[in-house]
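Visitor: Attaching a predicted model along with its sequence, questions to come.
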Amino acid sequence: MTKSPKKEAIERAILQKLKGSSLTNFAEVILKDPELNAYQECANAVSIMRLKYNDHGPVHMRKVVLNALTLAELLHEAGIPLSLEQEGAGSYDDSRAALILAGLMHDIGMCVTRMNHENLGVPLALPIVSRFLEMLYPQDIRKQVLLRGLCIECIVGHMGIVKVNSLEAGIILIADGADMEKGRARIPALLSHDAKVGDIHQYSSAAIESLVIKQGTGKPIKIEIQMKSDAGFFQVEEVLFPKLNMSPIKPYVELHARVTGGPIKKYL
């Protein structure tokens, strides 16, 4: 299967984030996994072709992983341990392994349908999650069980409907909501000519020029959103902000948005 330039660029960025760690080879194998890639392509076909919705496929899921690793890195650099570290149950890299697995599988339930896809994806994801955890921790059943549960929390919690408790699941919540730039809605916008349920997501995404996750000034994380029109505020206020409100990492995040040439709106 031919990779798109965007997909390849995001994969390179993911591997760069992991450079020097024991997770580099792990991530390389997962990113190439035929079964997982087939699920991602299927999810995208249902989302775009059948539902005329925005991207929920290989590019989106890789972007969520990249966002999640960036968020985790900023917390780590600020001296804030993730939940596995706080509880003495695992390391920073163990948490990053869960973020990679969950990020790459959080939307595969879209293969079935949009409604309740976060729960529908669990039985599809479990065999793949288990397979890779057995590869990463071949002699550690306890670690396999612990990370399996964490991955499932990340998947079922990514819509902000189910309350999540770990910082890792809170990271996936924000990483997912933060993939809102205009390119995500490009293909469905080209295909759709009649009004559809997902149109507001397409039009509002098309208004988002850039979203940057970086070190904050008063808090460890700052999310800056630049948009070309007020339509982009739908993505900020109806998609990202509710997820931020549900996320255990909310106390560590600043959120600013602005229309080009206009004043900055500070949400957090």
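Guide: Cool, got the structure.
Visitor: So, low pLDDT: which residues of the stretch 51-200 of the chain?
Guide: Scanning the stretch 51-200 of the chain for pLDDT under 70 picks out 183-200.
Visitor: Okay, helices next: where are they in it?
Guide: 58-77, 83-86, 92-105, 117-136, 141-157, 167-177, 186-191, 199-206 (DSSP state H, counting those that start in this stretch).
Visitor: Output those helices as TSV; include the columns distance to Lys17 and mean neighbour count.
Guide: Backbone N, C-alpha and C define where each C-beta goes, glycine included. Shown next, in TSV, are these (distance: least, C-beta to C-beta, whole Å; neighbours: other C-beta atoms under 10 Å):
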stretch	distance to Lys17	mean neighbour count
helix 58-77	4	23
helix 83-86	18	18
helix 92-105	9	26
helix 117-136	17	18
helix 141-157	17	21
helix 167-177	12	28
helix 186-191	25	16
helix 199-206	24	20
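Visitor: Tell me which residue lies nearest the centroid of this structure.
Guide: Centroid-nearest residue in the chain: Val64, 2.6 Å away (criterion: C-alpha atoms, centre = their mean).
Visitor: hang on, the earlier thing: reformat the helices of the stretch 51-200 of the chain as JSON lines; add distance to Ile264.
Guide: What follows is the helices of the stretch 51-200 of the chain, written out as JSON lines (distance: least, C-beta to C-beta, whole Å):
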{"stretch": "helix 58-77", "distance to Ile264": "20"}
{"stretch": "helix 83-86", "distance to Ile264": "32"}
{"stretch": "helix 92-105", "distance to Ile264": "29"}
{"stretch": "helix 117-136", "distance to Ile264": "32"}
{"stretch": "helix 141-157", "distance to Ile264": "30"}
{"stretch": "helix 167-177", "distance to Ile264": "19"}
{"stretch": "helix 186-191", "distance to Ile264": "27"}
{"stretch": "helix 199-206", "distance to Ile264": "19"}
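Visitor: of those helices, which approaches Ile221 most closely?
Guide: For Ile221, the closest of the helices of the stretch 51-200 of the chain is helix 58-77, at 4.9 Å, according to C-beta to C-beta.
Visitor: what inclination does the closest one have with respect to helix 92-105?
Guide: Here helix 58-77 points in a direction 160 degrees away from that of helix 92-105 (axes from the mean of the first three to the mean of the last three C-alpha atoms, to 10 degrees).
Visitor: and helix 58-77 with helix 167-177, angle?
Guide: Using the same axes, to 10 degrees, helix 58-77 lies at 130 degrees relative to helix 167-177.
Visitor: So what's the gap between helix 58-77 and the chain middle?
Guide: Centroid separation between helix 58-77 and its chain, computed with C-alpha atoms, centre = their mean, to the nearest Å, is 7 Å.
Visitor: try stretch 259-268
Guide: Offset of stretch 259-268 from its chain centre (C-alpha atoms, centre = their mean): 24 Å.
Visitor: from now on call the first residue 47
Guide: That works, and once the first residue is 47, the last one we named lands at stretch 305-314.
Visitor: buried stuff in that stretch?
Guide: For stretch 305-314, a neighbour-count test (16 or more other C-beta atoms under 10 Å) marks Val305, Tyr313, Leu314 as buried.
Visitor: Restricted to helices, list those.
Guide: Among the buried residues of stretch 305-314, none falls in helices (DSSP state H).
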